[in-house]
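> Everything below, folded, please.
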Amino acid sequence: MKERLLGRLIPAFLVGAGLLLGSAAPAVAAEDDELTAVARPDGTSRTLLLGGKPTVVRGLQMTVDGGRVVPAFSLAYTATQLSGTVDYTGTTWAEAGANRLAYVQWVIEHGYPSSDRAALIAAAGVQVPAGASRATVDLLLRMGTQAAIWKVRNNVSLSAWRSGAGAGAQNEYAVMRKVYDYLTRVEITAPEPQRTVTFEEGSFVDAPDLFVKGPANRMTVEVENGYAVTDSRYDGGTWLITRVANGGGLTFVRSIDPDEDTTVTVTAEHAVNPGLAFVAEGGRPPLTPALPYGDPVSGTFAKKFPAWGSNPAPQPSPPAGSSPTATPTASPSKTPSTTPSATPTGGTGGGTGGGDDGGLPVTGAPTGTVLGGGLVLLAAGAVAVLLVRRRRLRFTS
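Predicted coordinates for the structure are as follows:
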């Protein structure tokens, strides 16, 4: 009798556990696909005074999966520059063995061509040389960014222009120096880009409801059955969060119908972004693409969040410099409740905050909750079967 009963319970338990584990497993297949590229000089060059020594620096490019050609940066200054064609493979910062890449990441994101060209020229105080072609100026901006990467990574300085050093026209060299000075003025870190979008719930006081990690520093946010909103204490109003950076946070997530899951979807336009490291054999320097490429990638997080009880609904943030035109009648509360509190008790502002605290990132429903609930149901089912077999009790719903 007992053997027959166990023979029925054990297979059912294994099947149920398999289904539960399948529903809780995050989607990581994209991270497992190996990235490859073929790197070579792109035919451009400038003479830079690196550590006071005239050095011809060649522009680099990578032919990546799908045959697309993108410009590239060297992540380490070496005496021997890349020549010919070299096979590279994508890897992590840790496996690349290069330090200070978190500082380099900020330089890449705020240099050229990652940042807006006109914005960089204005921020760095660049005087565009009269008569210089757009291609020439673009190369100067990129070389200034490359020099800043080597300064941050290897402490190799870009020296001032001097006559007779073969460094080209002084006004063109000044463009590279301005960009270099701007990008190395302060040391700011940025998180490592990854190829998937993952989520992590905030676990400390005033933490955002959700931290987001992903490929890019600008990813779109869409919410079904709810809103992702800012904290009115810090943002001048409770505004919809429609974009988030890698490592940033969604301050408050609130449901329209708290009895149903609210689903947050974050999408990056490309799976591979500047900052992702590529390595090659033979002591060659690690590289990174200077422009993003690849298909879009998304991640979702679903949970029953506290209700949004205010009317009207939150609105997109007003343009910079303008006054808010609509504000919800009450700000959402971090404390779960049916009606949001008028005084928020948490949050740090939309799209800000680091993503390294509070455990491992997760995708989809929280794994612990799914597994815990499933095991409770399995145990209850086992007890029910035992009772049926021994007492012939009948259950009705």
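> And the spatially closest residue to L120 that is not a sequence neighbour, how close does it get to V279?
In this structure, L120 finds its nearest non-sequential neighbour in Y112, 5.6 Å apart by CB to CB, 6 or more residues apart in numbering. Glycine gets a C-beta too; all of them are placed from N, C-alpha and C. Using CB to CB, to the nearest Å, Y112 is found at 24 Å from V279.
> So which of these two has more stuff around it?
Per other CB atoms under 10 Å, whichever of Y112 and V279 has more neighbours is Y112, with 25 against 18.
> quick one: W150 is in a helix?
Yes - according to DSSP: H, G, I helix; E, B strand; the rest coil, the state of W150 is that of a helix.
> ok, how many other residues are close to it?
The tally of other residues near W150 (other CB under 10 Å) stands at 27.
> For the helix or strand hosting D42, buried residues please.
Following DSSP states H and E, one finds D42 within strand 36-50. Buried residues in strand 36-50, counted by 16 or more other CB atoms under 10 Å: 37, 39-40, 44, 46, 48-50.
> Point to the helix or strand of this protein where mean pLDDT is at its lowest.
Ranking every helix and strand in the chain by mean pLDDT, DSSP states H and E puts helix 2-24 at the bottom, with a mean of 41.
> re earlier: moving C-terminal of the strand holding D42, what's the next helix or strand?
The first helix or strand that comes after strand 36-50 along the chain, using DSSP H and E, is strand 53-64.
> For that following strand, give the mean pLDDT please.
Confidence over strand 53-64 (mean pLDDT, whole number) is 96.
> So in that sheet, which strands flank that strand, and in what orientation?
Sheet pairing for strand 53-64, assigned by DSSP bridges, gives strand 36-50 (antiparallel), strand 69-74 (antiparallel).
> As CSV, could you dump the C-alpha coordinates of the last one?
In this case it means strand 69-74. Extracted C-alpha coordinates of strand 69-74, given in CSV (Å, rounded to 0.1, in the frame of the first residue of the first chain):
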residue,chain,number,x,y,z
VAL,A,69,31.6,47.5,-39.2
VAL,A,70,31.8,49.7,-36.1
PRO,A,71,34.5,52.0,-34.8
ALA,A,72,36.4,50.6,-31.8
PHE,A,73,38.5,51.8,-28.8
SER,A,74,41.6,50.2,-27.3
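> the domain parsing of this structure - what is it?
Domain ranges of the chain: 2-26+373-391, 34-184, per automatic domain parsing.
> isn't A76 right up against R284?
No - with contact defined as CB atoms under 8 Å, A76 does not reach R284; the gap is 9.2 Å.
> Spatially, which two of the buried residues of strand 36-50 are the most separated?
Greatest spacing in the buried residues of strand 36-50, by CB to CB: A37 and L49 (30.0 Å).
> Point out where the stretch 101-250 of the chain drops to low pLDDT.
Scanning the stretch 101-250 of the chain for pLDDT under 70 picks out nothing.
> which stretches of it form helices?
Taking DSSP state H, counting those that start in this stretch as the criterion, the stretch 101-250 of the chain carries its helices at 101-110, 117-124, 134-154, 170-184, 232-235.
> Tell me which residues touch the residue lying closest to L139 once chain neighbours are set aside, please.
The spatially closest residue to L139, leaving aside those adjacent along the chain, is T44, at 5.5 Å (CB to CB, 6+ apart). Remark: with contacts taken as CB atoms under 8 Å, 6 or more residues apart in numbering, T44 is in contact with 58-59, 139.
> What about those residues, which one has the most neighbours?
Counting neighbours by other CB under 10 Å, L139 comes out on top of the contacts of T44 with 22 neighbours.
> Please tell me how far that one sits from N225.
According to CB to CB, L139 and N225 sit 49 Å apart.
> just checking, K304 touches D259?
Yes - with contact defined as CB under 8 Å, K304 counts as touching D259 (7.2 Å).
> Comparing these two, which shows the higher neighbour count?
Using other CB under 10 Å, the more surrounded residue of K304 and D259 is K304, with 15 against 8.
> residues touching the more buried one, list them.
255, 258-262.
> who's S255 bridged to?
The partner list for S255 in beta bridges (DSSP bridges) reads G226, A307.
> Low-confidence bits of the stretch 251-397 of the chain, can you list those?
Ranges of the stretch 251-397 of the chain meeting pLDDT under 70: 311, 317-397.
> Grab the most central residue of the protein for me.
Residue closest to the mean C-alpha point of the chain, counted by CA atoms, centre = their mean, is N246 at 2.6 Å.
> Quick one: residues contacting P193.
Shown in contact with P193 (CB under 8 Å, 6+ apart): 105, 214-216, 246, 273-276.
> Quick one: residues contacting the nearest residue in space to L141 that is not next to it in sequence.
Nearest residue to L141 in three dimensions, chain neighbours excluded: Y112, at 3.7 Å (CB to CB, 6+ apart). Y112 sits next to 120, 138, 141-142, 144-145, 179 when contact means CB under 8 Å, 6+ apart.
> Just send these back as CSV, with neighbour count and distance to Y173 too.
As requested, the contacts of Y112 are exported to CSV (neighbours: other CB atoms under 10 Å; distance: CB to CB, whole Å):
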residue, neighbour count, distance to Y173
L120, 22, 17
D138, 16, 15
L141, 24, 13
R142, 22, 14
G144, 30, 10
T145, 25, 15
V179, 30, 11
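> nearest to R100, of the residues you listed?
Nearest to R100 out of the contacts of Y112 is T145 (CB to CB; 15.7 Å).
> what sits against the nearest residue to the closest one once chain neighbours are set aside?
Nearest non-adjacent residue to T145, counting by CB to CB, 6+ apart: G111, 3.2 Å away. Residues counted as contacts of G111 (CB under 8 Å, 6+ apart) are 120, 141-142, 144-145, 148-149, 179, 183.
> 10 Å - rerun?
Shown in contact with G111 (CB atoms under 10 Å, 6 or more residues apart in numbering): 73, 104, 120, 124, 141-142, 144-149, 179-180, 182-183, 274, 290.
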